[in-house]
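Novice: Any chance you can model this:
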Amino acid sequence: MFVTNHVLAGAIIGRWYADRPVTAFLIGAGTHLAMDSVPHWGCDAEASGGPERFLRAARRDGLLGLAAAGGAVLAADRDCRVSTVTAICGSVLLDLDKPVEHFFDFSPFPAVVQWIHGAIQRESEGGMPMEVATGALLTAADAWMARRSRRRGRTGRRGRTDPRGRTGAGRHHLAMQSSSTGQSPATLPA
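Specialist: Numbering: from 1, shown residues only. Alright, predicted model coming up:
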């Protein structure tokens with residue numbers, strides 16, 4: 001799967017596990033394996049012109065992935081920014097083998113990790129529609145989550161709200177305010 005799609009998945013995971021960056025990293029790494037087990041684009045590096053085709057695609061995907069990572073981190077609320085970074089790092093970690101091997105001629109991972117990562121791959125020349133569809137779906141989900149988060153911030157709701165709708169200090173704040181004013185939390189403005 002393109003690294004850009006792994007970045008986009010990591011951004012979603014980072015928002016979802018906003019208060020648990022280590023969990024976000026681990027789940028990001030796990031989703032990498034799950035995504036690579038779905039049929040996706042890949043070219044035969046042994047075929048004539050294969051290495052050049054791969055490098056052309058890798059350059060474009062790498063730059064788009066960096067832009068997506070930067071955009072996801074900038075769009076993330078302060079409350080989930082660390083988890084977003086760790087989830088993205090976890091989701092792209094296994095693909096570091098390609099640039100390291102290309103530039104430094106060695107793999108940064110032990111043989112068993114390389115074997116597992118290679119064994120789950122379901123690459124084919126015809127896998128580009130799956131890559132594009134996955135990228136579009138993940139981009140839409142990321143945009144929806146960012147928009148939803150921003151809307152909550154504009155409504156004046158206090159405390160942190162994660163994508164699952166849980167609130168942190170907001171309930172505590174309302175309870176404190178109601179006890180000082182004598183009103184019930186239901187009659188207080190949100």
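Novice: Next, Arg81: phi, psi?
Specialist: Torsion angles at Arg81 (phi, psi; degrees, to the nearest 10) stand at phi -60, psi -40.
Novice: Low-confidence stretches in the chain?
Specialist: The model of the chain has pLDDT under 70 over residues 153-190.
Novice: in it, which spans are strands?
Specialist: For the chain, applying DSSP state E gives strands covering 40-41, 123-124.
Novice: Describe which strands the first one pairs with in its sheet and in which direction.
Specialist: Going back to what we said before, that points to strand 40-41. Strand pairing for strand 40-41, determined by DSSP bridges: strand 123-124 (parallel).
Novice: Mean neighbour count and distance to Ala146 added to the strands of the chain, as JSON lines?
Specialist: Yep, even glycine has a C-beta here, placed from its N, CA and C like the rest. Converted to JSON lines, those look like this (neighbours: other CB atoms under 10 Å; distance: least, CB to CB, whole Å):
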{"stretch": "strand 40-41", "mean neighbour count": "20", "distance to Ala146": "25"}
{"stretch": "strand 123-124", "mean neighbour count": "14", "distance to Ala146": "31"}
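Novice: how about these, which one is nearest Ile88?
Specialist: Taking CB to CB, strand 40-41 is the member of those nearest to Ile88, at 18.7 Å.
Novice: who touches the closest one?
Specialist: 1-2, 57, 122-128, 130-131, 134 (CB atoms under 8 Å, 6 or more residues apart in numbering).
Novice: Now with 7 Å, please.
Specialist: Here strand 40-41 makes contact (CB atoms under 7 Å, 6 or more residues apart in numbering) with 1, 122-123, 127-128, 130-131.
Novice: Quick one: closest of the strands of the chain to Ser83.
Specialist: Closest to Ser83 of the strands of the chain is strand 40-41 (CB to CB; 25.8 Å).
Novice: how far out from the middle of the chain is that closest one?
Specialist: Relative to its chain's centre, strand 40-41 lies at 19 Å (CA atoms, centre = their mean, to the nearest Å).
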